[in-house]
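Enquirer: Requesting a structural model of the entry that follows:
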Amino acid sequence: MRSAATPAPTAATGSVTGIGQMLTAMMLSGTIGVVVTEVGLAAHQVVFYRCLFAVAALGLWCWARGYFTPALLERRTLGLVLLGGAFIVADWVVLFAAFDHVSIGLATIILHLQPFFVVLIAAGLAGERPGTDALGWIALAFAGLVAATGHVELGEGQAALGVGLALLAALLYAGATLCSRAVKGIRPELTALVHVALGTVALAPFVDPAAAVELPGRSWALLATLGIVHTGFMYALLYGAYQKLSAAATAVLAFAYPAAAIGMDWLVYGRVLSPAQLAGLGAILLAGTAVNRGWRILPRRVAV
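Expert: So this is what the prediction gives:
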C-alpha cells in the first residue's frame, strides 16, 4: 500500500523522467564514434566485442525483468527478429567503417537519412508511390545531404567511400527499423538481445584473437563500455523513454544525438562542421521530423 505521505506519480513526472532518459541515451549515442575510433580495432571486430559484452548486459536485464517469452519462438516472429538483427549488426559494421574515412559528425548526419529510406522501402513493399508531401520532405533531406557533403572532396577515394558507407548504414538501419516495427508481443530489450547474440555468433569467425591479446587495458575498457553502457544501459534508457513520451517529443529529443556526435568530434579531434554542413543537418532533421509526424508541405484543400 502506498503511504499517504508519498504522492502518486503523475503524467508530468513521467514525462520529465522520460525526457531525462531520452536525453541521456542520445548524449551517450553521440560518444559512440569517439569510443569506436579510440579502440584501435577493425570495425567488424569492434562490433563483435560490442555484441559480446551486450549479450551479458541485456541477458541479465531481460532475465531479471522476466522478459523471456515463448512468443519469440514463433517462426514468423523469430524470422523477423533475426532479419532485423542481421540488418542492425551490418549497420554497425558499415557505420564504424565509415568513421575511418569521414568525420564522425558527417557520418552521423548521413545516418539520419534513415527515416526517408524507411518511407521509400515501405512504399515499395506495398506497391505504392509515396505521397507528394513525403516526396517533398525526402527532396529536402537529400538537398541537405548535398549541402552536408558539398565541401568534401568526393573525388578522393577515402571521402567518397566514407559517404557511401554512411549511406549504406542508413539504408541498413531502415531495414532494421521496418523489421522491428513488424514484431509484435516481444519486449524490445529481448529483441535487442537476440540481435547482439546473432552478431556475436556471425562475427566470431572473422575475429583475430591475436589482435585482441595485444590490446591495451584502455581498449578493453572502451569495448566493455560500448557493449554494457552504449548498448545494454542505453537500450534500457531508450525503451523506458519511449513508454513515457509522445512520438513528437522523442523526435525532437533525438536531435541531441547528432549534436552530441558533432560536439565530441570537435572536442576530441578538433573537427568543425562548416555553416553549409550545419544547414544540411538542419534540413535533414527538419525533414525527418516532418515525415515522422506526417506534416504537410501544402495546406489541405478545403471543400466548398
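
Enquirer: next helix or strand past the helix or strand encompassing C62?
Expert: Using DSSP states H and E, C62 sits in helix 43-65. Sequence-wise, the next helix or strand downstream of helix 43-65 (DSSP H and E) is helix 75-98.

Enquirer: From the rest of the structure, what touches that following helix?
Expert: If you take Cβ atoms under 8 Å, 6 or more residues apart in numbering as the criterion, helix 75-98 is touched by 36, 43-44, 46-47, 50-51, 71-72, 107, 110-111, 162-163, 165-166, 168-169, 172-173, 175-176, 179-180, 182-186, 191, 194-199, 202-203. Quick note: C-beta positions are derived from backbone N, CA and C, even for glycine.

Enquirer: A254 against M26, yeah?
Expert: Yes. A254 is within contact range of M26, at 6.2 Å (criterion: Cβ atoms under 8 Å).

Enquirer: In terms of packing, which of these two has more residues around it?
Expert: Neighbour tally, A254 and M26, criterion other Cβ atoms under 10 Å: the higher count belongs to M26, 23 against 20.

Enquirer: Hmm, A261 and that one touching each other?
Expert: No. In this structure M26 lies outside contact range of A261 using Cβ under 8 Å: 9.5 Å.

Enquirer: Moving C-terminal from the longest helix seen in the chain, which element do we reach first?
Expert: In the chain, taking DSSP state H as the definition, the longest helix is helix 157-182. With elements assigned by DSSP H and E, the helix or strand that comes after helix 157-182 is helix 188-203.

Enquirer: If you count contacts, what does that next one end up packed against?
Expert: helix 43-65, helix 75-98, helix 234-244 (3 or more Cβ pairs under 8 Å, 6 or more residues apart in numbering; DSSP states H and E).

Enquirer: buried stuff in the longest one?
Expert: When burial is assessed from 16 or more other Cβ atoms under 10 Å, helix 75-98 yields the following buried residues: 77, 80-81, 83-98.

Enquirer: what angle separates that helix from helix 188-203?
Expert: 60 degrees (axes from the mean of the first three to the mean of the last three Cα atoms, to 10 degrees).

Enquirer: just the CA coordinates of the lowest-mean-pLDDT helix or strand in the chain, formatted as CSV?
Expert: Here the helix or strand of the chain ranked lowest by mean pLDDT, DSSP states H and E is helix 247-253, holding a mean of 72. Provided in CSV are the C-alpha atoms of helix 247-253 (Å, rounded to 0.1, in the frame of the first residue of the first chain):
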residue,chain,number,x,y,z
ALA,A,247,6.3,10.4,-30.7
ALA,A,248,6.7,14.1,-31.2
ALA,A,249,8.8,14.5,-28.1
THR,A,250,11.1,11.6,-29.0
ALA,A,251,11.6,13.0,-32.5
VAL,A,252,12.6,16.4,-31.1
LEU,A,253,14.9,15.0,-28.4
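
Enquirer: So which residues lie in contact with that helix, not counting its own?
Expert: Residues contacting helix 247-253 (Cβ under 8 Å, 6+ apart): 15, 18-19, 22-23, 26, 241-242, 245, 288-289, 292-293.

Enquirer: Contacts only, for the residue nearest to the spatial centre of the chain.
Expert: What sits nearest the mean C-alpha location of the chain, by Cα atoms, centre = their mean, is Y173, with 7.1 Å. Contact partners of Y173, counting by Cβ under 8 Å, 6+ apart, are F87, I88, D91, L111, Q114, F117.
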